[in-house]
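K.L.:
The amino acid sequence is not available; the structure is as follows:
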């Protein structure tokens with residue numbers, strides 16, 4: 001991978017490769033999940049979601065896939081099915097794995113196989129004259145004739161738990177890599193007359209692994225294409241399905257429109273009739289019905305009400321809640337604030353740690369001075385307030401209902417309701433003043 005980070009901790013759709021596999025395993029409702037790990041174990045454990053059903057098994061040294069399963073063996077049940085997955089194969093679907101488990105039924109060995117036009121690097125599926133699987137040959141140990149076989153082993157297998165101990169005790173490391181190959185179990189099963197079933201993935205890309213940044217990027221596009229396809233099938237309008245990134249969960253109502261190059265992170269909910277302009281980033285948000293978010297907006301941890309107009313170039317930060325028909329305009333930043341219905345903050349303003357009432361107009365260049373260098377303070381702006389342009393509201397401060405704040409004011413104490421409050425120095429003109437001239 002060309003990286004100091006353990007391979008399984010590289011991210012696909014903002015989630016580690018290993019977490020993808022663990023989540024898929026959990027969706028099968030297993031009795032338990034064993035994660036056999038070796039390289040940089042503490043980092044790997046700390047980066048993976050804790051779950052009572054998740055058991056960590058250290059493999060030290062790392063001597064192959066068979067050796068890995070040997071380490072997990074003491075923790076495995078005596079009956080049932082043991083499903084072996086790989087931490088760098090993140091796109092396997094639960095439906096495929098359920099078919100694989102059903103093929104095993106705790107009595108047979110089931111192998112997930114695939115036909116690939118260029119099988120280099122894969123273990124080949126060896127069949128006898130009756131078409132039955134008799135072995136899997138790793139490429140380094142394969143003959144010239146076996147190397148032309150295009151049916152390959154994906155590494156994903158379902159074993160009868162009752163026979164696993166006996167098989168693992170019989171495999172050896174007498175091979176080109178001096179490792180214990182899990183695939184050697186296939187030949188042992190065949191010799192004992194245990195049926196060996198093969199299953200192919202529902203989709204051709206499911207069993208693709210990651211061994212390079214190039215492959216990681218390819219799987220990212222596959223994943224995003226599948227997400228986009230599901231959104232289209234549910235009725236979402238995507239202006240270009242190839243230019244969408246969902247790095248979490250995106251839930252959409254009816255008649256939602258999403259323009260190009262938008263990124264959705266965490267849990268995002270777009271209610272009916274929402275329109276998202278191009279180049280927007282949304283992280284853990286809920287956007288109310290009928291709201292339009294214009295281009296180049298960044299929303300994180302916010303709840304936006306119905307029929308809002310956001311942006312372009314607006315930033316809304318965690319803790320922000322807006323009511324209906326709110327306008328947040330270009331180059332406006334809102335943080336940890338509530339805004340009442342029909343309030344407008346249209347231009348070049350910052351509102352932080354504030355409670356803003358209904359029908360408030362915040363003029364261009366207004367800022368709430370909420371931080372004194374040590375503590376954050378709150379600003380209260382009551383209903384029907386008009387705040388003139390280029391105003392500083394120095395928190396903690398309250399602007400009374402219906403008050404008007406004159407442009408260019410610095411407000412440091414409460415402004416009474418229904419009155420004009422302004423703070424300006426006297427304007428003077430210097431008659432004989434000359435602008436300095438830079439000397440040559």
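P.N.:
Everything's here; your move. Please read these numbers as outputs of a predicted model, since none were measured by experiment.
K.L.:
residues contacting residue 258?
P.N.:
For residue 258, the contacting residues are 231, 236-239, 244, 270, 276, by Cβ atoms under 8 Å, 6 or more residues apart in numbering. Just so you know, the C-beta spots here come from the backbone N, C-alpha and C atoms, and that holds for glycine as well.
K.L.:
What distance do you get for it to residue 277?
P.N.:
As judged by Cβ to Cβ, to the nearest Å, residue 258 and residue 277 stand 9 Å apart.
K.L.:
Residue 422 now?
P.N.:
Distance, residue 422 to residue 277, using Cβ to Cβ: 37 Å.
K.L.:
the more surrounded of these two?
P.N.:
Between residue 422 and residue 277, counted using other Cβ atoms under 10 Å, the more crowded position is residue 277 (20 against 15).
K.L.:
so that one touches residue 312, yeah?
P.N.:
Yes: checked against Cβ atoms under 8 Å, the pair residue 277 and residue 312 is within contact range at 6.8 Å.
K.L.:
Now the common contact residues for the two.
P.N.:
Common contact partners of residue 277 and residue 312 (Cβ under 8 Å, 6+ apart): 294-297.
K.L.:
Dump these to JSON lines, plus neighbour count.
P.N.:
Output for those, formatted as JSON lines (neighbours: other Cβ atoms under 10 Å):
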{"residue": "294", "neighbour count": "21"}
{"residue": "295", "neighbour count": "18"}
{"residue": "296", "neighbour count": "18"}
{"residue": "297", "neighbour count": "23"}
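K.L.:
out of those residues, who's nearest residue 216?
P.N.:
Using Cβ to Cβ, residue 296 comes nearest to residue 216 of the shared contacts of residue 277 and residue 312, at 27.6 Å.
K.L.:
For the closest one, give me its contacts.
P.N.:
277-280, 311-313.
K.L.:
Just the buried residues of those.
P.N.:
Neighbour-count burial (16 or more other Cβ atoms under 10 Å) applied to those gives 277-280, 311-313.
K.L.:
Those residues into TSV, with extra columns for pLDDT?
P.N.:
Shown next, in TSV, are these (pLDDT from 0 to 100):
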residue	pLDDT
277	98
278	98
279	98
280	98
311	95
312	98
313	98
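K.L.:
Which one of those residues is nearest to residue 87?
P.N.:
residue 280 (33.0 Å).
K.L.:
which residues sit in contact with that closest one?
P.N.:
259, 262-263, 293, 295-299, 311.
K.L.:
Quick check: residue 268 touching residue 250?
P.N.:
Yes: with contact defined as Cβ under 8 Å, residue 268 and residue 250 form a contacting pair (5.0 Å).
K.L.:
number of nearby residues for the nearest residue to residue 390 once chain neighbours are set aside?
P.N.:
Once flanking residues are discounted, residue 390 sits nearest to residue 365: 4.2 Å by Cβ to Cβ, 6 or more residues apart in numbering. Neighbour count of residue 365, defined by other Cβ under 10 Å: 17.
K.L.:
ok, now the one 10 residues further on?
P.N.:
Residues near residue 375, counting by other Cβ under 10 Å, number 9.
K.L.:
how close does the residue nearest to residue 85 when sequence neighbours are not counted get to residue 87?
P.N.:
What sits nearest to residue 85 in space, not counting adjacent residues and going by Cβ to Cβ, 6+ apart, is residue 21, at 5.4 Å. Using Cβ to Cβ, residue 21 is found at 6 Å from residue 87.
K.L.:
Could you do residue 330 as well?
P.N.:
Per Cβ to Cβ, residue 330 is found 45 Å from residue 87.
K.L.:
The two: which has the busier surroundings?
P.N.:
Legend: neighbour count by other Cβ under 10 Å for residue 330 and residue 87, higher for residue 87 (23 against 17).
K.L.:
Using the three-state scheme, assign that one.
P.N.:
coil (DSSP: H, G, I helix; E, B strand; the rest coil).
K.L.:
Report the contact partners of it.
P.N.:
Per Cβ under 8 Å, 6+ apart, neighbours of residue 87: 7-8, 17-18, 21, 35, 37.
K.L.:
Now neighbour count, distance to residue 374 and pLDDT too, for those, in a markdown table please.
P.N.:
Formatted as a markdown table, the contacts of residue 87 follow (neighbours: other Cβ atoms under 10 Å; distance: Cβ to Cβ, whole Å; pLDDT from 0 to 100):
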| residue | neighbour count | distance to residue 374 | pLDDT |
| --- | --- | --- | --- |
| 7 | 19 | 44 | 94 |
| 8 | 24 | 43 | 95 |
| 17 | 24 | 43 | 97 |
| 18 | 23 | 42 | 95 |
| 21 | 22 | 46 | 96 |
| 35 | 21 | 45 | 94 |
| 37 | 24 | 44 | 93 |
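K.L.:
Alright, calling it a day.
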